[in-house]
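Chemist: model this:
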Amino acid sequence: MEQQKQNEGVALRSAGPMLQVLAEDGSGLSANVPNARPRGFYGIGIWHGKTEHNIGTLWRHAYIFGASFVFTVGTRYRRQASDTLKAVRHVPLYHYADIDDLIAHLPNSCPLIGVELTDDAQDVATFKHPQRACYLLGAEDHGLSPNVLAQCHSLIKLPGKYSMNVAVAGTLIMYERQRVEGPSKTGREATEPLQHATRRVTP
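Modeler: Modelled structure (predicted):
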């Protein structure tokens, strides 16, 4: 058993920095990540996404990182044949006509967190993620509009001076949340909070 743990630790160390949230001794989560699943849930989505590929990639990564739901605002998604993980079976996707429609249907006590390179946005590395959260990203070419930014309860940004692929940006946000908070709940346990009545959170 001890030799098995040592072998698992070697495999994890060779897997790259994305897996460093796992303990090097192979026993589970590292010291800076809670060993128990955190309370709460989160969703992530794209405002006026340009390509179905980006939405599909974000959907698959949302499944990997334990997001409770994904969504689009202003742009519908058509299922891709390349979805080898079959994320559609595990993570629901919602569509909202516009930002007002999204806000009207936010889960109870779930703040809208915009991801944008603005001066007043907080660095994601120092951001304290709420138990319940809805992360909103904009497409690479136009980002989030001033009207959308004004309706977000918090703004966060990734390091760097230039925008990146929206699916990549969303994946980094989810990874950072998991790194700090630990693995999220998945499956039915994660979606149960969405059954509650919805109302907007006061900024």
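Chemist: Quick check, residue 170 in contact with residue 44.
Modeler: Yes. In this structure, residue 170 is within contact of residue 44 by Cβ atoms under 8 Å, at 5.4 Å. Using the backbone N, CA and C atoms, a C-beta is placed for each residue, glycine as well.
Chemist: list the residues that contact both of these two?
Modeler: 58, 62, 135, 137 (Cβ atoms under 8 Å, 6 or more residues apart in numbering).
Chemist: Pull the number of nearby residues for the last one.
Modeler: Here the count is done by other Cβ atoms under 10 Å, and residue 137 has 25 residues near it.
Chemist: cool, the one 3 residues further on as well?
Modeler: The criterion is other Cβ under 10 Å. On that basis, residue 140 has 18 neighbouring residues.
Chemist: Then residue 58?
Modeler: Close neighbours of residue 58, defined as other Cβ under 10 Å, add up to 29.
Chemist: ok, now how distant is it from residue 95?
Modeler: Look at residue 58 and residue 95: by Cβ to Cβ, to the nearest Å, they are 14 Å apart.
Chemist: ditto for residue 172
Modeler: 24 Å.
Chemist: Same question for residue 170.
Modeler: From residue 170 over to residue 95 (counting by Cβ to Cβ), the distance is 17 Å.
Chemist: So these two - more neighbours on which side?
Modeler: Using other Cβ under 10 Å as the criterion, residue 170 and residue 95 rank with residue 170 on top: 28 against 14.
Chemist: who touches the more buried one in this structure?
Modeler: Residue 170 neighbours (Cβ under 8 Å, 6+ apart): 44, 46, 58, 61-62, 115, 135, 137.
Chemist: quick one: average pLDDT of the longest helix seen in the chain?
Modeler: Ordering each helix of the chain by length in residues (DSSP state H) puts helix 166-181 first. Helix 166-181 comes out with an average pLDDT of 94.
Chemist: Same question for stretch 118-127.
Modeler: Computed over stretch 118-127, the average pLDDT equals 95.
Chemist: What's the end-to-end length of it?
Modeler: 15 Å (Cα to Cα, to the nearest Å).
Chemist: Just the pLDDT for residue 35.
Modeler: Looking at residue 35, its pLDDT reads 45.
Chemist: Tell me how far residue 154 lies from residue 120.
Modeler: In terms of Cβ to Cβ, residue 154 sits 10 Å off from residue 120.
Chemist: ok, the two, which is more surrounded?
Modeler: A direct count of neighbours by other Cβ under 10 Å for residue 154 and residue 120 places residue 154 higher, at 18 against 8.
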